[in-house]
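A.B. asks: Sharing a sequence plus its predicted fold:
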Amino acid sequence: MADLGIQEPGLTRMIRLSYTALACSRFHRRTGRGPRVDRARRRLAPEAAGAIHSDLERGFIRAEVIGYDDLIDAGTMAKARERGLLRTEGRDYKVRDGDIVNIRFSV
């Protein structure tokens, strides 16, 4: 692949481009039950939380957000928090592709 200047396998590229073309986002639950695919990109944080579980939307308080690349650079969520990379967002935050969001809620 390197000799041909190919950056990623064809299947990976096809999947990435398909998600982009269909405006899909994947929401992963911490419980490990698998991804949920949602066709509405740039949802407000409470709506994105509701795509995972209705209780998260109903009891939404705030969202702690970090970009994927920032988390990888930091290594752990605790180190990212120490570096000030984690930010708190409210109900009007539009979730972006690549955001890792910890939903704070109370029901």
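C.D. replies: Structure's in. What do you need? As the structure is a prediction and not an experimental result, all values here were calculated from the model.

A.B. asks: quick one: low-confidence ranges for this structure?
C.D. replies: 19-20, 22-42 (pLDDT under 70).

A.B. asks: residue ranges of the strands in it, please?
C.D. replies: Here the chain has its strands, by DSSP state E, at 25-28, 35-38, 60-67, 87-89, 99-105.

A.B. asks: Quick one: neighbours of residue 97, just the number.
C.D. replies: 14 (other Cβ atoms under 10 Å). C-betas here are computed from N, CA, C, even on glycine.

A.B. asks: And the residue nearest to residue 104 when sequence neighbours are not counted, how far from residue 91?
C.D. replies: Excluding its sequence neighbours, the residue lying closest to residue 104 (Cβ to Cβ, 6 or more residues apart in numbering) is residue 61, at 4.5 Å. According to Cβ to Cβ, to the nearest Å, residue 61 stands 9 Å off from residue 91.

A.B. asks: Please apply the same query to residue 50.
C.D. replies: Residue 50 is 12 Å from residue 91, by Cβ to Cβ.

A.B. asks: Looking at the two, which is more packed in?
C.D. replies: Ranked by neighbour count (other Cβ under 10 Å), residue 50 and residue 91 place residue 50 first, with 18 against 12.

A.B. asks: Hmm, the more buried one is touching residue 56, no?
C.D. replies: Yes. The criterion here is Cβ atoms under 8 Å, and residue 50 meets it with residue 56 at 6.2 Å.

A.B. asks: Go through this protein and flag its longest helix.
C.D. replies: With DSSP state H setting the assignment, residue counts place helix 10-21 as the longest helix in the chain.
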